[in-house]
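1. Turn this into a model:
(2 chains)
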Number of protein chains: 2
Amino acid sequence: MIVDIPKTNNPRIVVIGGGFAGIQLTKMLKNEDVQIVMLDKNNFHTFIPLLYQVATAGLEPDSIAFPLRKIFKGQTNFLFRMAEVFNIKPEIKCVETSIGDITYDYLVIATGSKSNFYGLKDFQANAIPMKSLVEALNLRSFILQKFEKALLTNDVKEREHLMSVVVVGGGPTGVEIAGALAELKNHILANDYPELDTRKMQIHLIELLPRLMASMSNESSEKSQLFLKQLGVNIWLDTGVKSYDGLNVCLTSGKIIQAYTVIWSAGVMGATIPGVNGNTLLKGDRIKVDSFSKVAGYENIFAIGDVAGMISDKFPDGHPMLAPVAVQQGEHLAKNILNLIHKKELQPFVYKNPGAMATVGRNRAVVDLQYFKFQGMFAWFIWVFVHLMKLVSFRNRLVVFVNWVWNYFSYDRGIRLIIKPLGK
Amino acid sequence: MIVDIPKTNNPRIVVIGGGFAGIQLTKMLKNEDVQIVMLDKNNFHTFIPLLYQVATAGLEPDSIAFPLRKIFKGQTNFLFRMAEVFNIKPEIKCVETSIGDITYDYLVIATGSKSNFYGLKDFQANAIPMKSLVEALNLRSFILQKFEKALLTNDVKEREHLMSVVVVGGGPTGVEIAGALAELKNHILANDYPELDTRKMQIHLIELLPRLMASMSNESSEKSQLFLKQLGVNIWLDTGVKSYDGLNVCLTSGKIIQAYTVIWSAGVMGATIPGVNGNTLLKGDRIKVDSFSKVAGYENIFAIGDVAGMISDKFPDGHPMLAPVAVQQGEHLAKNILNLIHKKELQPFVYKNPGAMATVGRNRAVVDLQYFKFQGMFAWFIWVFVHLMKLVSFRNRLVVFVNWVWNYFSYDRGIRLIIKPLGK
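-> Residues are numbered from 1 along each chain as shown, chains lettered A, B, ... in the order given. Next up, the predicted model:
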């Protein structure tokens, strides 16, 4: 069944995914003679870089999400449909979705990434990923429920296991969540649970490589390791994980760490959709695209952002899976699609690296710019400022700012509610 | 299995429910030689009077909820356990809960109320109640999902039914939700869904009695009816409901209204717990108590708030099920329990009516004080002020204030996310 979507005389661009890449592309085409149909299974954009703050009770979910219809309010060439895309049928220029089939002239796959468990079924079944708003909310409830349970046992070891958390993967996400958990432990949980000896809560961070945040500079790696140690996080470098039965995390070193909460931040893979030529998948399930973001083998199908594997001399494994890449590819593809329509020459994509940053805790962050690296309190202020500015609306900025100022001065976080879905 | 809770030399008061009544009682006993064990199935207090704003995307759930542990931070005679209570066994002074059995010296039942469907099974199955945070969130998602669905049909009638909402019950809750829905329709949905003719969205309010908000003054009834009409709400007085099959709402007048969304605000009943003498239940499942809040037949079991049916000359059907009654009964019972412990004479409860108020929309509210009634913009400011002041913490007040100021001047509401529980 074809979904009835008003037809215009302009070519229809179907954009799958309302993340950074899809949003930027759509914005750039605001005044052009095209029809944009955006599909997303949620009716909101999620500001993924701050998900870990929702998971650790620092921010409310609504603060880092923004309704997609609202972002493009007044953009007359834009339509949104809440739908999940199951399959692409390039031969009839059509996508199969949860609401029916939708035809396209140009297709942009901007589906982002999902957790990669590298075949470790134990972790897929028992570890908590953190890639969506609902997962972040569930993680928050999960940790707090374990604390409620810890109150009910007299077994000292069991208590410790109920309180402890293992974070697998020491990239920026793992570092940020471990730091935020340590602050939750020190400032909040100790107050909320005076009956528990929260000092027994162990936070472990496990990283396969010899240093944390291998994508950033050595200085940043070292400083974040130091910051985490100051906060009381146990760091295991050069260490992988083998198995997890819900309590025992077996490490490649032979050591076993016991915890009822394991967070998975060890890696992501492209969130691909069946239907495009399987040969075009690169390592990590990214769709192989040329320097114009065009999917190999098709003239009117493109991929941008995390799901796109664009290989170049500078990036032999594809571009990093980061928000700035997604934004820049979205912007660039918008221009190239116009070039296509107007039969002009396509321009190759060149990534301008704006630098990278991560926060470890209050007054503790690391920033890598091209010619300049710094860490500590000033870096933290820069981090706060940049993230506030990148949030989608003034309203979100205002609410997040109020929350952060409040949390900063009160050493408190307001939002430690256990909200369970109905019937669970 | 008895739950292991640290025993002290002081008598243990088990309080079931962290609503207005339970919180006030506990606060009043802060420095006394008692041990208070509060049980609630949620780890937070819900500010029920503002639930309808969460349901209509005006406020975030976290803004009107507050962690119970945090409220009593530093109160050393207070313990909290997250648990649902299934049964009371007065003969062995014990309550059966989801985490095990808990013994008491004094028991305070402060479980509040739940929706009363008066045996109308159709509505119990298909109408949406609004008594908890999760229900309010679900209602918000439900309405927005129906709008997404309305985009997918070309059947004009079906579209209208998908957009329309019937509110059953014209008490304060029904009036407030109908007004908030009308504003959502006029200011938000019309912008978000330019493809839909949102003027076709019908909002119906059905009331069995000859006037709205029968518990308030005639002036307030008339003014709120006028306000709702100005906002475009269809009001059906002297009208009951007979059946609902998910689309057709059959009224006692014979008329049929069609809508896929029906909100139930027609009445509440006590949220009782089995185990206390069944003879003590009054109309609406309220537990019969004497003027000392003591449950008939027991010397150490009390009920306060909505669940308590305290009959007096002035209130032959029991006190109104309102927050001020709950707060005052909580405060009063705290004193009487101390009187009991110190073998002093108990004092009967006398309700001091602080007045009533309800808001219908921006700049539109009604206020009944003892000697003074007023409606309109000034009433609305009073309503805003009183509700901000009643919120539990300064942080909640601040965030709600920021949201309200934002919503007021922008005619916008930020929070129209459809957040579905995982796996649904």
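
2. who does the helix or strand harbouring residue A:205 touch, helix- and strand-wise?
-> Under the criterion of DSSP states H and E, residue A:205 resides in strand A:203-206. Packed against strand A:203-206 by the contact rule (3 or more Cβ pairs under 8 Å, 6 or more residues apart in numbering or on different chains; DSSP states H and E) you find strand A:165-168, helix A:172-183, strand A:234-236, strand A:248-251. Bear in mind the C-beta positions are built from the backbone N, C-alpha and C, glycine included.

3. Could you export those as a markdown table, including distance to chain B, mean pLDDT and mean neighbour count?
-> Converted to a markdown table, the helices and strands packed on strand A:203-206 look like this (distance: least, Cβ to the nearest Cβ, whole Å; pLDDT from 0 to 100; neighbours: other Cβ atoms under 10 Å in any protein chain shown):
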| stretch | distance to chain B | mean pLDDT | mean neighbour count |
| --- | --- | --- | --- |
| strand A:165-168 | 18 | 98 | 27 |
| helix A:172-183 | 16 | 93 | 26 |
| strand A:234-236 | 27 | 97 | 18 |
| strand A:248-251 | 23 | 97 | 18 |
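
4. Output these as TSV; include the columns distance to residue B:375.
-> Below are the helices and strands packed on strand A:203-206 laid out as TSV (distance: least, Cβ to Cβ, whole Å):
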stretch	distance to residue B:375
strand A:165-168	54
helix A:172-183	48
strand A:234-236	62
strand A:248-251	63
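
5. can you tell me which of the ones you listed comes nearest to residue B:404?
-> helix A:172-183 (29.2 Å; Cβ to Cβ).

6. excluding its backbone neighbours, what's nearest the residue sitting furthest away from the middle of chain A?
-> What lies farthest from the middle of chain A is residue A:154; by Cα atoms, centre = their mean that is 38.2 Å. Using Cβ to Cβ, 6 or more residues apart in numbering or on different chains and skipping the chain neighbours, the partner closest in space to residue A:154 is residue B:4 (5.8 Å).

7. Equivalent analysis for residue A:192, please.
-> Nearest residue to residue A:192 in three dimensions, chain neighbours excluded: residue B:69, at 4.5 Å (Cβ to Cβ, 6+ apart).

8. how about the one you found, secondary structure?
-> Using DSSP: H, G, I helix; E, B strand; the rest coil, the structure places residue B:69 in helix.

9. In a helix, the residue farthest from the centre of chain A, correct?
-> No: the assignment for residue A:154, made by three-state DSSP, is coil rather than a helix.

10. so it touches residue B:6, yeah?
-> No: at 10.6 Å, residue A:154 does not count as touching residue B:6 under the criterion of Cβ atoms under 8 Å.

11. List the contacts of the strand holding residue A:205.
-> A:164-170, A:174-175, A:178, A:181-182, A:185, A:212, A:228, A:232-236, A:239-241, A:249, A:251, A:257, A:259 (Cβ atoms under 8 Å, 6 or more residues apart in numbering or on different chains).

12. Now for residue A:188, how many residues are close by?
-> Neighbour count of residue A:188, defined by other Cβ atoms under 10 Å in any protein chain shown: 23.

13. hang on, it packs against residue A:57?
-> Yes: counting by Cβ under 8 Å, residue A:57 is a contact partner of residue A:188 at 7.1 Å.

14. What ranges does chain A have for its helices?
-> Along chain A, counting by DSSP state H, helices occupy A:20-28, A:51-55, A:68-71, A:121-126, A:133-150, A:156-163, A:172-183, A:190-192, A:218-230, A:323-341, A:377-390, A:394-410.

15. Which of these has the lowest mean pLDDT?
-> In terms of average pLDDT, helix A:394-410 trails the rest of the helices of chain A, at a mean of 70.

16. State the pLDDT value of the residue farthest from the centre of chain A.
-> For residue A:154, pLDDT reads 88.

17. Output stretch A:251-271 as CSV, nothing but the C-alphas.
-> Provided in CSV are the C-alpha atoms of stretch A:251-271 (Å, rounded to 0.1, in the frame of the first residue of the first chain):
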residue,chain,number,x,y,z
LEU,A,251,37.7,-10.0,31.8
THR,A,252,40.3,-11.2,29.2
SER,A,253,42.9,-10.9,32.0
GLY,A,254,41.2,-13.7,33.9
LYS,A,255,39.9,-11.3,36.6
ILE,A,256,36.2,-11.4,37.5
ILE,A,257,34.3,-8.2,38.5
GLN,A,258,30.9,-8.6,40.1
ALA,A,259,28.1,-6.1,39.4
TYR,A,260,24.4,-6.3,38.6
THR,A,261,24.7,-3.2,36.4
VAL,A,262,26.8,-3.3,33.2
ILE,A,263,26.7,-0.4,30.8
TRP,A,264,27.7,-1.0,27.2
SER,A,265,29.7,1.8,25.5
ALA,A,266,32.2,-0.3,23.7
GLY,A,267,31.3,0.6,20.2
VAL,A,268,28.7,1.3,17.6
MET,A,269,27.8,0.1,14.2
GLY,A,270,25.8,1.5,11.3
ALA,A,271,22.0,1.2,11.7
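
18. buried ones in that stretch?
-> In terms of neighbour count (16 or more other Cβ atoms under 10 Å in any protein chain shown), stretch A:251-271 has its buried residues at A:251, A:257, A:259-271.

19. Any figure for the gap between the residue nearest to residue A:169 when sequence neighbours are not counted and residue A:383?
-> Spatial nearest neighbour of residue A:169, chain neighbours left out: residue A:266 (3.3 Å); criterion: Cβ to Cβ, 6+ apart. Remark: distance between residue A:266 and residue A:383 (Cβ to Cβ, to the nearest Å) = 23 Å.
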